[in-house]
Structures are given as structure tokens and as C-alpha cells.
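>>> would you be able to build a 3D model of this:
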Amino acid sequence: MPGVWDPLSALLAAQAGFDTVFLSGFALSGTLLGEPDIGIIGQAEMADAARRVCAAVPEVRVVVDADTGYGDDSDIVRTVELWEQAGAAGMFLEDQEWPKRCGHMEDKRVVGRDEWLSRLRTVLRARTDLHLTARTDSLAVVSLDEAIERAKMARDLGVDAVFVEAPRSVADLERIASEVTGTVLVANMVEKGKTPLLTPAELTALGFRLVVSPLSGLLSAARALGDAYAHLHREGTMRDVLGSMTSFDGFTELVGLQKHLADGPDGR
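Model prediction:
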């Protein structure tokens, strides 16, 4: 699942051939607000982005980050309702304290086991058909032993997938896969993050079935935009680097111009 943050990024992921994408809180915080992923983006902003992304790519499954659920049980129920109304196929729910931090940042804090399990039970009771991934950040905060124990407890509740965030080595990944059995395991591939970058084939061989690459597009886009603006500022024109750019017609095709022209000005 590549990370997306708006309809355009989702359209590009679909054009590349992906049938499932991940609406990343990290990416949305950076692109919508220009802020880091430290609990600034809230439920309303994520729900609004989910509606727009799901509408743009109705043929694609959109899994939406839900951070900690954004509050108490009633807030978590509301999150489930908003995600389902938006058309999301799934959600990730974690055990950090609020305000949370990106899983590959330092100084995270997690709630107790019982509180996290209560959050998961609330989602399981409230959902209709939303796929639930239970994420624990306790490896960095407590220990790998604790993360594995929490993962097993979440599995036993009946969640659809389990995600131990930020393993630091292949050995960590191997141990998670060997001890947390009987569930779908998620691997999070963050470029230049804390976890070794493995291919889907390598992760499958270890026992992981869902792979998230939440920042691949964002980090690439940020670099491309920075390079383009620097060139434009320096040269005053993009004339000599047109090969690095999407064509005008290619972009209008991506965003569906021909369909709108065929429909006519009144939408019929």
C-alpha cells in the first residue's frame, strides 16, 4: 500500500497499478498544514481527506490512518462512522498516548495494555465492515517482548491485522513473524527510517502479508518539487528540463478532462 494524501496522489498511485492505498497521517500533516506528524492533524481533517480521496479513486481500496482514535470511546465510535461514511476500506489504530508521534520518531509514549485493547474493542463493536489493523508502538517505548505480547492480545481480540511499528533489524522482523502467528502481519517500509527496507518477496518469506510504504510518494514529491522550484528560481524557466515534467496533456488526462468535456458543461 503506497501512502497518499490527496486525490492527485491517489490518482497517480492508481495509474501506477495499485489497487489499495494508505492515507497517511504523516503525509497529510505535512501537505495540508506544513506541520510534522506529532498529533496536530485531527479527526476532522483526516475524515475530510478520506472523503476526497475515496471519491477520486472509487475503484481503489483506501485504508485510512486513525492515529489513536482521537479521544475516548465515543470519539472512537465517531471515527469509525466517519471513516465508513467516507468510503474507507480500513483503518489503523495505535496504542500511543495523545498527542502521538510518527512511529519512526523518538520520545513516543504508549497507553497501558487495557486502554489500548479497549480502543480496539470499541472499533470491533462499532464497525460494519471496516478492516481493522491494530498497531503497537511499544517496541521503542518498552521492549520487543512487550510489543509481541500486545500483538498477540490484539490478535486474540479478533482484529484483522497486527502491526508492530519500527522493528530495528531483520532479526526483530523474524521474531515478530515467528511468535505472532495466526493473523495477518503488517510491515511498514519507511525509507531512511528505523526498519530495514525489504522487498515484498522478502517480507512474504518472513511471514508478513501487508506491506505499507507510507512515505515513498511524499518524500519523492518533496524532492521533485524542491528541485523544480530551485531550477525555476535560478533559471527563470523550465525550458531546459521539460523531460523531467509531466506533460500538460498528460496531467489533464490524469484528472479526467476528457470525461468532463464528454459530459458537457451541465454534467450530462
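
>>> and stretch 17-34, average pLDDT?
The pLDDT scores in stretch 17-34 average 98.

>>> where does residue 103 land on pLDDT?
Residue 103 carries a pLDDT value of 89.

>>> tell me which residues touch it, please.
Neighbour list for residue 103: 94, 135, 137, 140, 165, 166, 188, 190 [criterion: CB atoms under 8 Å, 6 or more residues apart in numbering]. Glycine gets a C-beta too; all of them are placed from N, C-alpha and C.

>>> go with 10 Å
Shown in contact with residue 103 (CB atoms under 10 Å, 6 or more residues apart in numbering): 26, 37, 94, 96, 135-137, 139-140, 163-166, 188, 190, 193-195, 214.

>>> please flag which of these sit within helices.
26, 139, 140 (DSSP state H).

>>> any idea how many residues pack against residue 28?
26 (other CB atoms under 10 Å).

>>> confirm it sits in a strand?
No. Read with DSSP: H, G, I helix; E, B strand; the rest coil, residue 28 is helix and lies in no strand.

>>> confirm for me that it is in contact with residue 36.
No. Taking contacts as CB atoms under 10 Å, residue 28 lies outside contact range of residue 36: 11.7 Å.

>>> now residue 64: how far from residue 256?
Counting by CB to CB, to the nearest Å, the separation of residue 64 from residue 256 is 23 Å.

>>> okay, these two: which has more neighbours?
Set residue 64 next to residue 256 and count neighbours by other CB under 10 Å: residue 64 wins out with 27 against 13.

>>> hey, what's the more buried one bridged with?
Beta-bridge pairing for residue 64 (DSSP bridges): residue 23, residue 91.

>>> pretty sure it sits against residue 49.
Yes. Here residue 64 reaches residue 49: they are 8.0 Å apart, a contact under CB under 10 Å.

>>> which stretches of the stretch 51-200 of the chain form helices?
73-86, 113-126, 138-141, 144-157, 170-179, 200-206 (DSSP state H, counting those that start in this stretch).

>>> tell me the buried residues in the fifth one?
If I follow you right, that is helix 170-179. 172, 173, 175, 176, 177 (16 or more other CB atoms under 10 Å).

>>> so the third one touches residue 144, yeah?
Yes. Under the contact definition of CB under 10 Å, residue 175 touches residue 144, with a separation of 6.8 Å.

>>> most neighbours among the ones in helices among the contacts of residue 103, please name it.
residue 139 (25 neighbours).

>>> OK, contacts around that one?
Residue 139 touches 103, 108, 110, 145-148, 150-151, 164-168, 172, 176, 194, counting by CB under 10 Å, 6+ apart.

>>> if we can go back for a sec, overlap of the contact sets of residue 175 and residue 144?
Shared contacts of residue 175 and residue 144, defined by CB under 10 Å, 6+ apart, are found at 164, 167, 169.

>>> tell me the pLDDT at the last one?
For residue 169, the model assigns a pLDDT of 97.

>>> of the helices of the stretch 51-200 of the chain, flag the one that's most buried.
Ranked by average neighbour count under the criterion mean count of other CB atoms under 10 Å, the helices of the stretch 51-200 of the chain are headed by helix 138-141 at a mean of 22.

>>> burial of residue 230, as a residue count?
10.

>>> ok, now the one 3 residues further on?
As a burial measure, residue 233 scores 8 neighbours (other CB under 10 Å).

>>> and if you look at residue 15?
Using other CB under 10 Å: residue 15 sits among 11 other residues.

>>> host element of it?
If you go by DSSP states H and E, residue 15 is part of helix 7-16.

>>> now list the buried members of the contacts of residue 103.
Buried by 16+ other CB under 10 Å: 26, 37, 94, 96, 135-137, 139-140, 163-166, 188, 190, 193-195, 214, out of the contacts of residue 103.
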